[in-house]
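# Kindly generate the corresponding structure for this input.
(one chain, ligands or ions: 1)
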Amino acid sequence: MKIAILGAGAMGSLFGGLLAEADQHVTLLDINDAHLHAIAERGLRLETDWGDRHVSNLQALRPGDAADVPDLLIVFTKSMHTRAALASVRHLIDPATHILTLQNGLGNVEAVASMVQRERIFVGVTTWPADLVGPGHVRSHGTGEIRLMSADGERPAILARVVDVLSAAGLNCQADANVWGAVWEKVAFNAALNPLCTVLNRPVDALGAVEDGPALALAIVDEVLAVARASGITVDAGKVNDNVRHAIVAHRGHKPSMLQDVLAGRPTEIESINGAVVATARRHGVPVPHTETLMQLVRLVQVQAQAAHQQER
Ligand code: NAD
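Numbering: from 1, shown residues only. Alright, predicted model coming up:
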């Protein structure tokens, strides 16, 4: 399959590297020139539990320099960059191209739907973890899975092919009729843990210092899942609560990407996570006071961190 990955940071590089190793035809598309140059010179350094190696049978290009029309375009920018990134690959999308988003947050399908019809969009979630260690070097430890479905809920033949291609690359992919439940469950997890760690400037396990930490995280999960139910989505509260409790105990020293973005002076995905939940809650008249307060606090923290970084430059 001809696969282009739009946004080849941590996740895009991990997926691109594994798909290339499984002999798919992969092009990474990004605007990070240092990363692109490193890959062009030495290949992509891929560090996983299966080894530390360089993958060279892939291309890494700026979007405007790519010409090959892909069968599948996987969007892996941060959510606030999706529309600009898609606009830069308009020339690569033809009537046969399908687009997959596995990004966190809400609103990703709507962004992709501004370019192609819903029947050509796949949406899903992934639990694979990844970090960009430096230019041309991605690391991922442990395992994960992918759950996806067509955005219009149909099951075209290409859905099974996409699932097979991702699974053959070791990415453990399944079609899931309740994909929107999976999306909202992940949003609930992220809306609770990411902003709390960002506001505290502490890793996930710090939330376990006093019982108020898990209690606050679980109160946010409750709010978000109430919004999901009001939107007609079936969600499993027990599963999300267990995941949140487990993360607070097990994710020792882990700084969520929202905190990493603030520390680096970059914008965060707060608007597509807590922001989108608050907007949906308003439409359904569901109260989400904790989720909204955290959104406001992260907006403040993020603006101050960006100002401090600009002064340093
Ligand atoms: P990242 O910041 O490492 O990578 C994003 C990449 O997009 C960067 O390399 C950036 O240069 C590129 N980009 C930005 N604007 C672009 C444009 N206009 N054109 C092309 N490329 C552009 O982010 P990530 O950690 O890989 O996360 C990507 C998505 O996956 C996010 O929605 C995130 O929440 C989600 N996610 C991340 C993880 C993880 O462990 N990292 C796990 C699951 C889901």
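# what does stretch 281-296 contact?
191, 195-196, 199, 216, 219-220, 223-224, 226-227, 230-231, 270, 274-275, 277-278 (CB atoms under 8 Å, 6 or more residues apart in numbering). All C-beta spots, glycine's among them, are computed from the backbone N, C-alpha and C.
# need the residues of the stretch 201-313 of the chain near the ligand, please.
257, 269 (CB under 6 Å from any ligand atom).
# would you list every one of the helices in the stretch 201-313 of the chain?
Remark: helices assigned in the stretch 201-313 of the chain by DSSP state H, counting those that start in this stretch are 212-230, 237-250, 257-263, 276-284, 289-312.
# Same question for the stretch 1-150 of the chain.
Going by DSSP H, counting those that start in this stretch, the stretch 1-150 of the chain shows helices at 10-21, 33-42, 82-87, 108-113.
# hey, which of those helices is tucked in deepest?
helix 10-21 (a mean of 26; mean count of other CB atoms under 10 Å).
# Would you mind pulling up the elements that that one packs against?
In terms of contacts (3 or more CB pairs under 8 Å, 6 or more residues apart in numbering; DSSP states H and E), helix 10-21 is packed against strand 2-6, strand 25-29, strand 44-48, strand 51-55, strand 58-61, strand 131-134, strand 137-139.
# Need the contact partners of the fifth one.
For strand 58-61, the surrounding residues in contact (CB under 8 Å, 6+ apart) are 8, 16-17, 20, 26-30, 35-36, 39-40, 44, 66.
# how about 7 Å then?
Here strand 58-61 makes contact (CB atoms under 7 Å, 6 or more residues apart in numbering) with 8, 16, 20, 26-30, 36, 39-40, 44.
# for the closest residue to the ligand within the chain, phi and psi?
In the chain, the residue that lies nearest the ligand is Gly9 (1.9 Å; CB to the nearest ligand atom). Backbone torsions for Gly9, taken as degrees, to the nearest 10, come to phi -90, psi -130.
# right, and it touches Leu132 too?
Yes - counting by CB atoms under 7 Å, Gly9 touches Leu132, with 5.3 Å between them.
# Let me see the contact set for the residue nearest the centre of the chain.
Nearest residue to the geometric centre of the chain (CA atoms, centre = their mean): Gln103, 3.0 Å. Under the criterion of CB under 7 Å, 6+ apart, the neighbours of Gln103 are 75-76, 79.
# Go again with 8 Å.
Gln103 neighbours (CB under 8 Å, 6+ apart): 75-79, 82, 272.
# what's the closest of these to Met258?
Lys78 (10.0 Å; CB to CB).
# What is the end-to-end distance of stretch 129-143?
The first and final residues of stretch 129-143 sit 8 Å from each other (CA to CA, to the nearest Å).
# what does that stretch contact?
9-11, 13-14, 17, 32, 34-35, 37-39, 41-49, 128, 144, 172.
# Save the contacts of Gln103 as CSV, and put in pLDDT too.
Output for those, formatted as CSV (pLDDT from 0 to 100):
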residue, pLDDT
Val75, 98
Phe76, 98
Thr77, 98
Lys78, 97
Ser79, 97
Thr82, 97
Ser272, 98
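# Check those residues and tell me the two furthest apart.
Farthest apart among those - using CB to CB - are Phe76 and Ser272, which lie 13.9 Å from each other.
# Can you pick out the residue with more neighbours from the two?
More crowded of Phe76 and Ser272, by other CB atoms under 10 Å: Phe76, with 27 against 22.
# where does the residue nearest to that one when sequence neighbours are not counted land on pLDDT?
Distance criterion CB to CB, 6 or more residues apart in numbering; nearest residue to Phe76, sequence neighbours excluded, is Gly12 at 3.6 Å. Looking at Gly12, its pLDDT is 98.
# Same question for the one 4 residues further on.
At Gly16, the predicted lDDT confidence score is 98.
# quick one: contacts for it?
Contacts of Gly16 by CB under 8 Å, 6+ apart are 3, 5, 8, 26, 28, 44, 58.
# The same query, at a cut-off of 7 Å, please.
Per CB under 7 Å, 6+ apart, neighbours of Gly16: 5, 8, 26, 28, 58.
# Understood, closing this out.
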